[in-house]
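[1] build me a structure from this.
(2 chains)
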Amino acid sequence: MTEEIKDIPIIIEERESKNAGASESYWQIVRKQFKKNKLAVWSLRIIMLFAIIALLSDFIANERPLMCTYQGNTYFPVFKGIAVDWGLGEWQDDFKNITWKDLEYESVIWPPVPYLPQNLDVLNSNSVSPMDDQEVESTRWKHWLGTDEIGRDVLSGMIHGTKTALLVGLISMGIAALIGILMGSLAGYFGDDKLKMTIASIILNVMALFFGIFYGFGNRSYTLGEAMAEGMGAVAVELVISFTIIIVLLLLANLFAKVLSNIPLLSKKVTIPLDIIISRLIEIMVSVPTLFLIISISATVEKPSVAIVMVIIGLTSWTGIARFMRAELLRIRRLEYVEAAKALGYNELRTIVKHAIPNALSPVLIAIAFGIAAAILIEATLSFIGIGMPAEEITWGSMLAMSRQTPSAWWLAIFPGLAIFITVTVYNLVGEGLTDAIDPKQKK
Amino acid sequence: MLKYIITRLLIFIPTLVAISLLTFIISINTPGDPVDSMLNQSSNTGQSSDKLASEQAYIEQRAKLGLDKPLFYFSITNATYSDTLYRVHKKSHRETLEKLSFKYGDWPQIANYYSLIKKFENQLFLLNVSDDLAEDYRKLKEFTNSLYTTADEKTATTIISNIDFIVNGDKEFIPVRPNFTALQKAIISIVQNQSPHQHYIPKFIWYGFDNQYHNWISDFIVGDFGISYKDKRPVSSVLWDALQWTVLLSTLSIILAYLVAIPLGIKTAVDKGSKTEKSITATLFMLYSLPNFWIATLLIIFLCGGDYLDLFPPAFSLGKLPESAPFWDRFFDTTHRLVLPVFCLTYASFAFISRQMRGGMLNVIEQDFIRTARAKGLKENTVIWKHALRNSLIPIITLFANVFPLAISGSFVIEFIFSIPGVGKLTLEALTARNYPIVYTVLMFTAILTLIGNLVADLLYAFVDPRISFSSGKK
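    As a prediction, this is how the structure comes out:
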């Protein structure tokens, strides 16, 4: 008898390890299937290319030389500029308030595009076409994609716009994925019947949440507002402090709840229908028209900024991911191996985290790929209609909007639009490729 | 079935309350003062030059808009917050006072300080000053006014010392000196007797039912959506005018999209693998990813006058033809102007719908009953159109849920680009002009229509697929 019981866990362990093997080979299958789809593979390469352009945008298009020898000394002004932007250095007096182009260097290496998007080339203002003769010293200084009304280089704007587009896509979807995975797993894992709390812990948690929000946000609203004016770094620090306050209070509440649960009256357990609560929340979120909501919220922001747009897109687009996650977890919870592990007294949470969530993540990946495409499109739309994005920020959408004022400048309409189109398409193609690769019907 | 519909309708209520709260929260956090923005429109009447009159106008306008009420039924705040703060008229003053009381923790003193500034300012305005002091007098008024929006001790002290310098600089300012000394004393006493720890104590204030949210939502329910700040017309009438264009535009594009998309989706599904199918599918994918505001911009640049072709009028610009013009002339003129916007609205959605249709059809075609139907010797057309179609419509129906909200707000960007006076353009203009009653009404309506759309989609599901039943719980 005892021997038999000993045997079972071994079988289960074997099963689990087989399962682990299967989940590995599952990803291998996905990769193999994905690689079969040439279009998707090429799209992924284009995304990587764009990512490289975005990362190196300061080195590809910049008003400062990459390297120069000036009055006997060698400088690396692009690097220096980045260091100064990060607060790690300061310009020496020679280089303060100068036009880099006009300095007389002994030797100099310029970036491929020697302009920043906001540089005004007065000689080539009023939208000079790439085909026309430009007022430049040599082809080195040519505006390959023309200029806009006030003489800003279009190619440089395109290159730096890549950074904004990809950042918006990645960060907003990162936020959405974080919220969506958390909400979806909570709803799917606990369902309507599995979250049982004692009355003491419910009361204490609600109180902790109330005081957490009160001290973390209500009482710090002015501090947070000041940080908002200071910049993203300050906001991040203040938010961390606020959330720490909430988390500490919640931890304290749960500690107390443990103690108080010894009192018979407070130790009664109540089931919390978490699935219903989260599903209702998702339903509410879905019935709000996202683009409209984003536009209205960004219109209420006093000082528009890209960061706020990212956060708003992230906060409004997590529902799809949460739905996928919830459905997958509900399905997986009923699967044999999870049930078996539970029956044998394995920690269910551990089983779920270790085996179920990785499996559930694959549909989430598809949602993220399509979501990035949608987020980039929303950002472009916002810049295009001029709501929510700062006016001085040069993005693909804002350049496209400029073409509305100068209809004769076809280059202002074609190139930024093409960039938006290609980016959206490649992300959609990758999403498509992932769907094909992950869809079990196609698996052979 | 009926029970299901009733449960769904009951769920509407909390959802709508949540959405209305969301809308309301957005509305009260909007920067700028709605009363000011409404008065600025009529400031050319010349009344605003008189300070007292303009203040009176402000108070009246605020009462007219119902903004002199507390915001909500209750408020959870800190102990320094006064439950009478909402009675202060100016939004910017309220904000300053809130911050001051948060910082120094003693509302009665802050209130006293505020009334002393007012007293001092009023007396200042009654003062008659000789011409050579005009510059000082103007500065004095400016400094005093800036006190209203200063919640920071250092800045306030600087301003006070500036005022001090002017007030004690000339004999003509003697009458205002006693009030100014009182003001100075008040500020010192606030700083000396501060109790900033007060704001760590939470406080609950109950305002009762006569509040802004309650009035707004109960008006909304009976169909009174408020008054547009811009032209002072009722929102419902402004919205109705715009709605006609949007509905026309959306209906046309939706019908066209479905007309093209369904046959195309079926065709590509049936001919799966053929060369034409592959190219059609690829084109559809491209169309689906093409941002329609880009295409619209390109079309305007290349087809609407400008330097290239001149096939269509450059802007929508309605009403070029007088009402008296023959109906058919007006009809053709409008149609001519609608071609491009409808095209732009249609192509993306038709690409999307046909892709869904194709997916649904492919799923069905591989199933056994289709094979059976073919084996029975039914004609291919009968198999496809009679047996497969009904079952492949399910994914299309989900999309149908979007039709309702789309009909109101779907054409934002297109209306903006082609300047069609529809709901989208109206809303965008309202947003930039901070004309919020319109924004909230549109937001609420779109949400309601989305809810209805989802319900209709669920019901249609059951209609198309008899296997789905609602009686045995949801899932």
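[2] use CA for all of it now, contacts and neighbours both
    Fine.
[3] quick check: residues of chain A near chain B?
    If contact is defined as Cα under 8 Å from any Cα of the partner chain, the residues of chain A in contact with chain B are A:214-215, A:218-219, A:280, A:283-284, A:287-289, A:292-293, A:296-297, A:299-302, A:377, A:381, A:385, A:387, A:400, A:403-404, A:407-408, A:410, A:413-414, A:417, A:420-421, A:424-425, A:428.
[4] now a PyMOL select for only the buried ones of those residues.
    Remark: buried members of these, expressed as a PyMOL selection using 16 or more other Cα atoms under 10 Å in any protein chain shown:
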select buried, chain A and resi 214+215+218+219+283+284+287+288+289+292+293+296+297+299+300+301+377+381+385+387+400+403+404+407+408+410+413+414+417+420+421+424+425+428
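[5] SS state for A:M158?
    Assigned state for A:M158: helix (three-state reduction, DSSP: H, G, I helix; E, B strand; the rest coil).
[6] quick one: it and A:R45, what's the gap?
    Computed as Cα to Cα, to the nearest Å, the A:M158 to A:R45 distance reads 19 Å.
[7] now the closest residue to chain B within the stretch 201-350 of chain A: how far from A:L103?
    When distances are taken as Cα to the nearest Cα, the stretch 201-350 of chain A approaches chain B most closely through A:T300, which lies 4.5 Å from it. A:T300 sits 44 Å away from A:L103 when distances are taken as Cα to Cα.
[8] before we move on, what about A:S408?
    Computed with Cα to Cα, the distance linking A:S408 and A:L103 is 35 Å.
[9] got any ranges where the chain has weak pLDDT?
    Defaulting to chain A. Per-residue confidence of chain A (counting by pLDDT under 70) places the weak regions at A:1-25, A:348, A:439-444.
[10] think we crossed wires, I meant chain B
    Judged against pLDDT under 70, the low-scoring parts of chain B cover residues B:40-50, B:305-307, B:314-325, B:402, B:406-410, B:464-475.
[11] what is the longest helix seen in it packed up against?
    Here the longest helix in chain B is taken by residue count, with DSSP state H as the criterion, and it is helix B:327-365. If you count contacts as 3 or more Cα pairs under 8 Å, 6 or more residues apart in numbering or on different chains; DSSP states H and E, helix B:327-365 packs onto helix B:235-270, helix B:275-289, helix B:292-303, helix B:389-392, helix B:394-400, helix B:412-418.
[12] for stretch B:152-162, which positions count as buried?
    Buried positions in stretch B:152-162, judged by neighbour count with 16+ other Cα under 10 Å: B:156-157, B:159-160.
[13] now the residues you listed as CSV including distance to chain A and secondary structure?
    Compiled in CSV, the buried residues of stretch B:152-162 are given as follows (distance: Cα to the nearest Cα, whole Å; DSSP: H, G, I helix; E, B strand; the rest coil):
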residue, distance to chain A, secondary structure
B:A156, 18, helix
B:T157, 21, helix
B:I159, 22, helix
B:I160, 24, helix
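[14] what about the residue sitting nearest the centre point of chain A, is that helix, strand or coil?
    Nearest to the geometric centre of chain A sits A:I171, at 1.7 Å (Cα atoms, centre = their mean). Assigned with three-state DSSP, A:I171 falls in the helix class.
[15] wait, it sits on A:I308?
    No. Here A:I171 does not reach A:I308: they are 11.0 Å apart, not a contact under Cα atoms under 8 Å.
[16] mind checking which of the residues of chain A next to chain B are in helices?
    Per DSSP H, the residues of chain A next to chain B map to helices at A:280, A:283-284, A:287, A:292-293, A:296-297, A:299-300, A:377, A:381, A:385, A:400, A:403-404, A:410, A:413-414, A:417, A:420-421, A:424-425, A:428.
[17] wasn't A:E90 part of a strand?
    No. A:E90 is assigned coil when assessed by three-state DSSP, not a strand.
[18] tell me the contacts of it?
    A:83-84 (Cα atoms under 8 Å, 6 or more residues apart in numbering or on different chains).
[19] kindly report the same for B:S253.
    Listed by Cα under 8 Å, 6+ apart, the contact partners of B:S253 are B:342-343, B:345-346.
[20] so which residue is dead centre in chain B?
    Note: chain B centre (Cα atoms, centre = their mean) maps to B:V439, 3.3 Å.
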